[in-house]
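Trainee: Sequence and predicted model, in that order:
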Amino acid sequence: MVERVASQAIREVPGAEPARTRAARARMSGGVVRLRLRIAVRYRDPVVQIAGRVRSHVRERVEWTTGGRVHRVDIEIAELVR
């Protein structure tokens, strides 16, 4: 469930899309969540800013939906798309 919420939240950020393969992985321990995200960013868009927006938005959505606390969000830029 956490991974599905995170993947959907990536789609909600302008300029970002989930990567084609396994865009989100989550580990939960107690009420703490750690996320690894693989995203695609449009070519020539500001990657650092988009990654920051994805990190913030996914954290908010996962915490709101699951009630858990997101401790860490690692992001890999897996693709540049046109």
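Mentor: Right, received. Where do you want to start? Bear in mind the structure is a predicted one, so any value in this text is a computation, not a measurement.

Trainee: So what touches the longest strand anywhere in the chain?
Mentor: The longest strand of the chain (DSSP state E) is strand 69-81. Strand 69-81 has contacts (C-beta atoms under 8 Å, 6 or more residues apart in numbering) with 17, 19-21, 31-43, 47, 51, 54-55, 58-59, 62-63. C-beta coordinates here come from the backbone N, C-alpha and C atoms, glycine included.

Trainee: Let's see that with 6 Å instead.
Mentor: 19, 31-38, 40-43, 47, 51, 55, 59, 62-63 (C-beta atoms under 6 Å, 6 or more residues apart in numbering).

Trainee: do stretch 40-47 as well
Mentor: 15-17, 19, 50, 77, 79-82.

Trainee: got the contact list for R55?
Mentor: V73.

Trainee: One more pass at 7 Å, please.
Mentor: R55 is in contact with 73, 75, counting by C-beta atoms under 7 Å, 6 or more residues apart in numbering.

Trainee: And the helix or strand hosting it, what's buried?
Mentor: Of the helices and strands defined by DSSP states H and E, R55 is found in helix 47-66. Neighbour-count burial for helix 47-66 flags 47, 50-51, 53-55, 57-59, 61-62, 66 (criterion: 16 or more other C-beta atoms under 10 Å).

Trainee: residue furthest from the geometric center of this protein?
Mentor: For the chain, the C-alpha farthest from the mean C-alpha position belongs to G30; by C-alpha atoms, centre = their mean, that distance is 20.6 Å.

Trainee: what pLDDT does the nearest residue to R59 once chain neighbours are set aside get?
Mentor: Spatial nearest neighbour of R59, excluding adjacent residues (C-beta to C-beta, 6 or more residues apart in numbering): V70 at 4.5 Å. For V70, the pLDDT comes out at 96.
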